[in-house]
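Novice: Here's my sequence, what's the structure:
(one chain, ligands or ions: 4)
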Amino acid sequence: MFETIQGEGSFTGIPSVFVRLQGCPVGCPWCDTKHTWSLDDALVTTAHEVINKPQEDEQFFTTDENGLLSLFNDEGYVAKHVVITGGEPCMYDLRPLTTYLHDNGYTTQIETSGTYEVLCDPRTYVTVSPKINMKGGMEVLIGALERANEIKHPIAMQKHIDELDALLKDVSSLEGKQVCLQPISQQKRATELAVKTCIARNWRLSLQTHKYIGIE
Ligand SMILES: C[S@@+](CC[C@H](N)C(=O)[O-])C[C@H]1O[C@@H](n2cnc3c(N)ncnc32)[C@H](O)[C@@H]1O
Ligand SMILES: Nc1nc2[nH]cc(C(=O)O)c2c(=O)[nH]1
Ligand code: SF4
Ligand SMILES: [Mg+2]
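Specialist: Ligands and ions are numbered 1, 2, ... in the order given. Here you go, the predicted model:
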């Protein structure tokens, strides 16, 4: 859990509280948060330890929605936008947490891979970064894309754009949905391809801006 600037997608630049839920079985080879994959009980520690860790590691803590809001207050967070990411946050039923946050004056956003059903408040802004040919199956992925407010696709080569095109054909309507391309790991060729394709398609470029300026 930390307060920073949303670095990706349509909300880039918005001060946000990030809640990174532990656990992900998807296994993207280029994942930049591999420390969130394991749910081993031996990794459980206190909220204080996790919030104050000097660098990312696998340790995590458990709490409920009440406890989380108390921690926001204890930490003196001022951001009113909460990004729930992971790991894979949709491994969990996020309805109690997202509704509780909205009812307490926050806006919420979920960052998900679309490999689990998205269960959240209707007011939540859902960003789906589709993981094609990964765990979960097509039915779940299309359901997640139907709910998505934003489809933010990580790309490194033309094949990834072709896969996205095929996937978008199965979504009933793209109206009101923002499509973004996000270069994988800031690679130069991936960035050039994303720029070129975004211009050609009138899609949005999503750079991981926090990485360029060295913030969390
Ligand atoms: C770490 S994931 C966590 C949320 C969820 N599991 C998902 O994949 O959307 C958060 C975002 O970072 C993106 N991401 C992860 N590793 C990346 C990398 N090396 N380069 C670009 N984007 C990356 C994911 O595609 C996703 O949009
Ligand atoms: N600043 C910042 N913005 C982000 N947007 C999505 C992130 C994520 O890991 O889900 C992320 C992140 O890790 N840091
Ligand atoms: S689904 Fe998200 S957290 Fe899981 S491995 Fe892929 S990028 Fe990483
Ligand atoms: Mg990240």
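Novice: For stretch 86-97, buried residues please.
Specialist: Gly86, Gly87, Glu88, Pro89, Cys90, Met91, Tyr92, Leu94, Leu97 (16 or more other CB atoms under 10 Å). (C-beta placed from N, C-alpha, C; glycine too.)
Novice: Please flag which of those sit within helices.
Specialist: Residues of the buried residues of stretch 86-97 located in helices (DSSP state H): Leu97.
Novice: and the buried residues of stretch 86-97 near ligand 3, which?
Specialist: Filtering the buried residues of stretch 86-97 for neighbours of ligand 3 using CB under 6 Å from any ligand atom leaves Gly86, Gly87, Glu88.
Novice: contacting residues for the closest residue in space to Arg147 that isn't next to it in sequence?
Specialist: Leaving out its chain neighbours, the residue that sits closest to Arg147 by CB to CB, 6 or more residues apart in numbering is Val118, at 4.9 Å. Residues near Val118 by CB atoms under 8 Å, 6 or more residues apart in numbering: Cys90, Leu94, Ile110, Thr112, Val126, Val128, Gly143, Ala144, Arg147.
Novice: same thing but at 10 Å, please
Specialist: Val118 makes contact with 89-90, 94, 110, 112, 124, 126, 128, 140, 143-148 under the criterion CB atoms under 10 Å, 6 or more residues apart in numbering.
Novice: repeat for Trp37
Specialist: Counting by CB under 10 Å, 6+ apart, Trp37 has contacts Gln22, Gly23, Cys24, Pro25, Val26, Gly27, Cys31, Glu58, Gly86, Gly87, Glu88.
Novice: so where does the fifth one fall, helix or strand?
Specialist: Taking DSSP states H and E as the criterion, no element holds Val26; it sits outside all helices and strands.
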